[in-house]
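> predicted model follows, preceded by the sequence.
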Amino acid sequence: MKHKQLAIAALLFLTTSAAWATPCDSVKEQIDAKIKAKGVKTYTLDVVPAAEVKEQKVVGSCEGGAKKIVYKRS
């Protein structure tokens, strides 16, 4: 029984770790596709360190929250 519980715990850890390590490029591409699908044509998406976000509109985060994706409509 302990072996089964250990295996489940390891699986949960690996799944959670993968989610935390989401690359910024992947997240940015997904957000970009959603914005384009809404018909928005002129905008920028920038990846910035979380500590540098001031008054920008945050539309996503990546790398375990260490970086944020900010949106600016042109």
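Looks like it arrived, so ask away.
> who are the neighbours in contact with Val70?
Taking Cβ atoms under 8 Å, 6 or more residues apart in numbering as the contact definition, Val70 lies against Leu45, Asp46, Val48, Val53, Gln56, Lys57, Val58, Val59. All C-beta spots, glycine's among them, are computed from the backbone N, C-alpha and C.
> which strand residues bridge it?
Asp46, Val58 (DSSP bridges).
> how much space between it and Gly64?
With distances taken as Cβ to Cβ, to the nearest Å, Val70 is found 17 Å from Gly64.
> show the buried residues in the contacts of Val70.
Applying a neighbour-count criterion of 16 or more other Cβ atoms under 10 Å, the buried members of the contacts of Val70 are Leu45, Val59.
> looking at the contacts of Val70, which two lie furthest apart in space?
Spanning the widest gap among these are Leu45 and Val53, at 13.4 Å by Cβ to Cβ.
> and which of the contacts of Val70 is nearest Lys34?
Where the contacts of Val70 are concerned, and distances follow Cβ to Cβ, Lys34 has its nearest neighbour in Val59, at 8.9 Å.
> pLDDT weak spots in this protein?
Low-confidence regions of the chain, defined here as pLDDT under 70, cover residues 1-21.
> helices along that one, start to end?
Assigned by DSSP state H, the helices in the chain fall at 2-20, 24-37.
> other SSEs contacting the shortest one?
Applying 3 or more Cβ pairs under 8 Å, 6 or more residues apart in numbering; DSSP states H and E, one finds that helix 24-37 contacts strand 43-49, strand 57-62, strand 67-73.
> that helix vs strand 67-73, what angle?
30 degrees (axes from the mean of the first three to the mean of the last three Cα atoms, to 10 degrees).
> contact partners for the closest residue to Thr44 other than its chain neighbours?
Residue nearest to Thr44 in three dimensions, not counting chain neighbours: Lys72, with 5.0 Å by Cβ to Cβ, 6 or more residues apart in numbering. Lys72 is in contact with Tyr43, Thr44, Asp46, Gln56, Lys57, counting by Cβ under 8 Å, 6+ apart.
> which residues does the second one contact?
Counting by Cβ under 8 Å, 6+ apart, Thr44 makes contact with Tyr71, Lys72, Ser74.
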